[in-house]
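Trainee: Following is a predicted model, sequence given first.
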Amino acid sequence: MNDSMSIPHLIMSASTVVQLVMLILTIGSILSWVVIFQRTFVMRRARRTHQAFEERFWSGVDLNELYRDTPAEQETQGAEHVFRAGFREFNRLLTKTRSPEAILDGVQRSMRVAWSREEDRLTLHLVFLATVASASPYIGLFGTVWGIMGSFQSLSMAQQATLATVAPWIAEALIATAMGLFAAIPAVIFYNRLSAESGRLLGKYEDFAEEFHSILHRNLQGRGDADAA
Amino acid sequence: MARQEPQLHSRDDRPVGYGLPTVLAVGLHLVVVVLSVVTLPQREPEHQTSSIVQATLVSTETTTDQAQRAEEARSRAAARQAEEAEQQAQAEREAEQAAAEAAQREAEEQAAREAEARAREEARQAAEAEAQRRAEEAERQTELREQQEAERQRQQEEAAEAERQRQLEAQRRAEEEAERQHQAEEQARREREAEEQRRAEEEAERQRQAEEQARREREAEEQRRAEEEAERQRQAEEQARREREAEEQRRAEEEAERQRQAEEQARREREAEERRRAEEEAERQRRAEEEARRAAEAASQGLDRAIEGESDAVANARQAQEAANSFINLVRRAVEQAWVIPPGAGGGLAATVQVQLGPSGELFGASVTQSSGDSAFDRSAIQAVEAAAPFGELRQLPAAAQRDFRQFNLRFRPGDVR
């Protein structure tokens, strides 16, 4: 019984289409787990980086110094990236225009672009996870239906249909569904978790952007007053 | 601040790569696979095999030798014929039984009648013997009585003799007395004669007369008394004899009666015994006859069967040869198609399955007679047979060949699966 009904044996004795489906599902499962691990690491690092940056930003450090300390724009991530984009644009516009509205508009735009990039970076591959989560049950189901179809076709050739005749076929067909669910369930769980995490981080970035914007706005107001005076 | 920078940058320097997650994901799947494999006793090389079961690489062959099959068929045919013969014999037996019962009843009645007659005869004989015996007895008794009578007479005579002797004795004594007295008288007379002759003579005469008288009287008396005594004795004896006789008679009669009753009883018992014995005898005889008849029937049937079996065997051997090719090929092809070889089955495994078919080709039973040692393999072989059944082609075979193929062996031996 164990010999003929074990899962590896059933997989090996399945038909080609079912085996193909199983292969797809296995690959999808492996990739989804790669994404899960990778995103988990990315999220954890982004959270820590954000915490460290916020600590530093609100520690009363001079913004110019902070800007100079931070590395090049391509390597920065998260709120730091937003800060750098906004502050660079601010510095550039400050020399070109005297209108605070124009400066603030430019800063806001550049910060929105940076935020958008951050969002893109954080939610990278999460769509794949969602795809695996939603599609793999159907793929597995397809494999099962195909396998049962084959079993019935071969059953039509046998004169005597006993349960022992049908059972191996159905078992091997059902393995496809099992594999689809095996791929889909972690994908669903981690997609929800990771997307919630990324959404929370993006919210934090947005908050930071607004706060930074208000700081710059305060500076411009003070300078405008000083200029007027 | 400067202290924080390197830490911050060192962490941000390199983006999160895909190497570690890939390793982790693959490792996770391997763990899952290993768990699912290790928990089941499964050999690792099997997973690399990609051969799907296409039950074509099968060499199925019937390995039973013809002689054995013929023998089996013959035995089966014989069994069936025996069954039919049994049924026929049953019917016959029933008819015969009815007849036998009637005959038996008749025989019983006859036996009863015979026994009755015999019993009556015997009773009559017994009665005759009884009567004879009784007559003898009576004779004996009368003889005895006569003897007794003679004895008694003899005794009586003896008594009379004794009486006579006694009387003679008494007479003699009386004579002696008289002599003595006479002498005394004579002396006295002589003495008295010396004195007074006449007176003495008269007196003597008178005395003599008186004495004579007295003597006579005494004699008469004595005679009478003796006679009376004798008479009494005789009467008493007669009485005693009569009583004894009556007693004897009564006793004899009682004895005879008792004997007669006992004999009657014994006779009745004997009669009953005789009748019972006769019945038992009749029953035994009937049974013996029945058994003998049955044995004869069985013997004749056995002979018939043997003859039929032989002819069947000859026919089977010829027809099986003809039918073997077509039917065996059909069965082999069907079983081959239905056989799903288990993946672990190497080339060395071989199992023999005995297949029993019904008259119309339906599967009665399939059992492994020679196991391959691999239970999965044996099971797959039986499943193949079950899947291939029913073999409806059996009905198209000739009857003799059908019997031949009701039971056959299939040998399962996979070729090179990989």
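Mentor: Yep, it's here.
Trainee: What are the boundaries of the helices in chain A?
Mentor: Ranges of helices within chain A are A:2-5, A:7-12, A:16-57, A:63-69, A:78-96, A:100-122, A:126-157, A:163-228, based on DSSP state H.
Trainee: Can you spell out which helices and strands pack onto the fourth one?
Mentor: Spelled out, that is helix A:63-69. Helices and strands touching helix A:63-69, as assessed by 3 or more C-beta pairs under 8 Å, 6 or more residues apart in numbering or on different chains; DSSP states H and E, comprise helix A:78-96. For the C-beta atoms, the positions are set from N, CA and C on the backbone; glycine is no exception.
Trainee: Could you check the angle the helix it packs on makes with helix A:100-122?
Mentor: Here helix A:78-96 runs at an angle of 150 degrees relative to helix A:100-122 (axes from the mean of the first three to the mean of the last three C-alpha atoms, to 10 degrees).
Trainee: element containing B:Arg251, please.
Mentor: Using DSSP states H and E, B:Arg251 falls within helix B:197-338.
Trainee: Just checking that helix against chain A, any contact.
Mentor: Yes - interface with chain A: helix B:197-338 contributes B:334, B:337-338 (C-beta under 8 Å from any C-beta of the partner chain).
Trainee: What about the nearest residue to A:Leu104 once chain neighbours are set aside, how many residues nearby?
Mentor: In this structure, A:Leu104 finds its nearest non-sequential neighbour in A:His217, 5.8 Å apart by C-beta to C-beta, 6 or more residues apart in numbering or on different chains. Residues near A:His217, counting by other C-beta atoms under 10 Å in any protein chain shown, number 16.
Trainee: Could you list the low-pLDDT ranges of chain A?
Mentor: For chain A, the stretches with pLDDT under 70 are A:1-5, A:71-74, A:224-229.
Trainee: mind running it again at 50?
Mentor: Within chain A, the segments meeting pLDDT under 50 span A:1-2, A:228-229.
Trainee: and if you look at the stretch 1-150 of chain B?
Mentor: Applying pLDDT under 50 to the stretch 1-150 of chain B flags residues B:1-12, B:42-66.
Trainee: repeat that with 80
Mentor: For the stretch 1-150 of chain B, residues meeting the criterion pLDDT under 80 lie at B:1-16, B:37-150.
Trainee: Indicate the residue of the stretch 301-418 of chain B located nearest to chain A.
Mentor: Closest approach between the stretch 301-418 of chain B and chain A, counting by C-beta to the nearest C-beta: B:Ala376, at 4.0 Å.
Trainee: what's the burial count for that residue?
Mentor: When neighbours are counted by other C-beta under 10 Å, B:Ala376 registers 20.
Trainee: which SS class is B:Gly365?
Mentor: strand (DSSP: H, G, I helix; E, B strand; the rest coil).
Trainee: Nearest residue to it in space, please, no chain neighbours.
Mentor: Per C-beta to C-beta, 6+ apart, closest to B:Gly365 is B:Gln356, 4.7 Å.
Trainee: Now for that neighbour, how many residues are close by?
Mentor: Around B:Gln356 there are 12 residues (other C-beta under 10 Å).
Trainee: The one 5 residues further on now?
Mentor: Using other C-beta under 10 Å, B:Gly361 is surrounded by 20 other residues.
Trainee: Over to B:Leu30?
Mentor: Neighbour tally, B:Leu30, other C-beta under 10 Å: 11.
Trainee: That one and B:Glu176: what is the separation?
Mentor: Distance from B:Leu30 to B:Glu176, counting by C-beta to C-beta, to the nearest Å: 171 Å.
Trainee: Then A:Arg39?
Mentor: Taken as C-beta to C-beta, the span from A:Arg39 to B:Glu176 is 186 Å.
Trainee: just B:Glu122 next, same as before
Mentor: Distance from B:Glu122 to B:Glu176, counting by C-beta to C-beta: 77 Å.
Trainee: More neighbours: the two, which one.
Mentor: B:Glu122 (16 against 10).
Trainee: Can you name the helix or strand that the more buried one falls in?
Mentor: Using DSSP H and E, the element containing B:Glu122 is helix B:66-195.
Trainee: and what of B:Arg411?
Mentor: Going by DSSP H and E, B:Arg411 is in strand B:407-414.
Trainee: quick one: is that strand near chain A?
Mentor: No - Strand B:407-414 stays clear of chain A (C-beta under 8 Å from any C-beta), getting no nearer than 13.9 Å.
Trainee: and that strand, which strands flank it?
Mentor: Applying DSSP bridges to the sheet, strand B:407-414 is found paired with strand B:58-61 (antiparallel), strand B:351-357 (antiparallel).
Trainee: can you tell me the average pLDDT over it?
Mentor: The pLDDT scores in strand B:407-414 average 76.
Trainee: Just give me how far it sits from the chain centre.
Mentor: From the chain centre to the centre of strand B:407-414 is a distance of 51 Å (C-alpha atoms, centre = their mean, to the nearest Å).
Trainee: okay, which residue is most central for chain B?
Mentor: B:Arg284 (12.6 Å; C-alpha atoms, centre = their mean).
Trainee: Tally up the residues packed near the closest residue to A:His81 other than its chain neighbours, please.
Mentor: In this structure, A:His81 finds its nearest non-sequential neighbour in A:Ala114, 5.1 Å apart by C-beta to C-beta, 6+ apart. By other C-beta under 10 Å, the residues close to A:Ala114 number 25.
Trainee: what about A:Ala114, distance to A:Leu194?
Mentor: Per C-beta to C-beta, A:Ala114 is found 21 Å from A:Leu194.
Trainee: cool, A:Glu65 as well?
Mentor: For A:Glu65, the distance to A:Leu194 - C-beta to C-beta - is 35 Å.
Trainee: cool, and A:Met12?
Mentor: Using C-beta to C-beta, A:Met12 is found at 35 Å from A:Leu194.
Trainee: How many neighbouring residues does B:Thr277 have?
Mentor: Check again: residue B:277 is Arg, not Thr. Other residues close to B:Arg277 by other C-beta under 10 Å number 11.
Trainee: what does A:Ser32 give?
Mentor: Neighbours around A:Ser32, by other C-beta under 10 Å: 26.
Trainee: show me the contacts for it.
Mentor: A:128-129, A:132-133, A:183, A:186-187, A:190, B:25 (C-beta atoms under 8 Å, 6 or more residues apart in numbering or on different chains).
Trainee: Repeat that for B:Ala366.
Mentor: B:353-356, B:382, B:385-386.
Trainee: Now the residue lying farthest from the centre of chain A: phi and psi?
Mentor: Centroid-distance maximum for chain A: A:Gln159 at 53.4 Å, with C-alpha atoms, centre = their mean. A:Gln159 adopts backbone torsions of phi -80, psi -30, taken as degrees, to the nearest 10.
Trainee: quick one: contacts for it?
Mentor: By C-beta under 8 Å, 6+ apart, A:Gln159 lies in contact with B:334, B:387-390.
Trainee: B:His29 now?
Mentor: Neighbouring residues of B:His29 by C-beta under 8 Å, 6+ apart: A:26, A:29-30, A:33.
Trainee: So which of those residues reach chain B?
Mentor: Okay, of the contacts of B:His29 touching chain B (C-beta under 8 Å from any C-beta), that's A:26, A:29-30, A:33.
Trainee: Most widely separated two among those residues?
Mentor: Greatest spatial distance in the ones next to chain B among the contacts of B:His29: A:Thr26 and A:Trp33, 10.8 Å, computed using C-beta to C-beta.
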